[in-house]
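> Just to be clear, the model below is a prediction. Sequence and coordinates:
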Amino acid sequence: MSLHLVTITVMNSLKVKNLQVLDLQPWSLELMAGEVIYLSGPSGSGKSKLLRAIADLDQYQGEVALALESSQSMPGHSWRTKVALVPAESAWWGALVGDHFSRYELPQLQQLGFDEEVMGWQIDRLSSGEKQRLALLRALASWPRVLLLDEPTANLDRDHGLQLESMIDGLCKQQDVAVIWVTHDREQQRRVATRGFQIVDDAVCEVKS
């Protein structure tokens, strides 16, 4: 492996050590560059809380680090440019889509079924599925090393869902982005992830294939 690839692999490696939120038992994980894992569990079991803790949005016990950088060593907004959360329902504060983008990649817009005209659309005219796709694009604008995806295709039809999966697959392979993907869809789990974890009785357990 070349020095460049070793450097990328280290930079994009997420380490979670004894992470504890709510009543969940401590969870440890090493997520390598370019790797996708899925996380599943009953509604209300703590999946979203785990993602929010890793994104340094909620209080937690334990340690979270990207390469050698701890989440506690930098301001939260700086951490979230590197470890980006795309929640199931994203926040929109401006009137227009373009108000929420400082930059974007036209090929990514087109891959998810949009063109540049979308930047002039009113937020209140967007469907829930359009918001989901645009929330992902907004997160990608900061070139994150890790993506935390909370059911990103829940409001998408099959075609748009597959388009999003294809985009994430490209990011993993071409830019070594690592992904934690919350999904209950077993077919999607098999398509997108190399391994999986499930919340069972307040414990995060690796799923044995």
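Noted; the coordinates are in hand.
> Pull the contacting residues for the most centrally placed residue in the chain.
The residue lying closest to the centre of the chain (Cα atoms, centre = their mean) is Leu148, at 2.1 Å. For Leu148, the contacting residues are 51, 54-55, 83-86, 179-180, taking Cβ atoms under 8 Å, 6 or more residues apart in numbering as the criterion. C-betas here are computed from N, CA, C, even on glycine.
> which residues does it bridge with?
In this entry, Leu148 is beta-bridged to Leu85, Ile180, by DSSP bridges.
> pretty sure Arg145 contacts Cys172?
No - under the criterion of Cβ atoms under 8 Å, Arg145 makes no contact with Cys172, lying 11.3 Å away.
> out of the contacts of Leu148, who's nearest Arg103?
When those are compared for distance to Arg103, the smallest value, 14.2 Å, is given by Ala84; criterion: Cβ to Cβ.
> before we move on, back to that, shared neighbours, Arg145 and Cys172?
Taking Cβ under 8 Å, 6+ apart as the contact definition, Arg145 and Cys172 share the neighbouring residues Ala178.
> Tell me where the chain has helices.
All helices of the chain, identified by DSSP state H, fall at 3-11, 47-54, 76-82, 106-111, 128-140, 158-175, 186-192.
> okay if I get those as a markdown table plus distance to Gln25 and mean pLDDT?
A markdown table is the format used below for these (distance: least, Cβ to Cβ, whole Å; pLDDT from 0 to 100):
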| stretch | distance to Gln25 | mean pLDDT |
| --- | --- | --- |
| helix 3-11 | 28 | 46 |
| helix 47-54 | 12 | 97 |
| helix 76-82 | 24 | 95 |
| helix 106-111 | 38 | 94 |
| helix 128-140 | 29 | 96 |
| helix 158-175 | 29 | 96 |
| helix 186-192 | 22 | 96 |
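> just checking, which of these sits deepest inside the structure?
Mean neighbour counts were compared across the helices of the chain using mean count of other Cβ atoms under 10 Å; the top stretch is helix 47-54, at a mean of 23.
> for that helix, packing partners?
Under the contact definition 3 or more Cβ pairs under 8 Å, 6 or more residues apart in numbering; DSSP states H and E, helix 47-54 sits against strand 14-20, strand 36-40, strand 83-86, strand 146-150, strand 178-182.
> who touches that helix?
The set of residues external to helix 47-54 that reach it, using Cβ under 8 Å, 6+ apart, is 14, 16, 19, 21-22, 24, 27, 39-41, 58-60, 64, 71, 83, 85, 87-88, 148, 150, 180, 182, 199, 204.
> residues near Asp176, how many?
Counted with other Cβ atoms under 10 Å, the burial measure for Asp176 works out to 18 neighbours.
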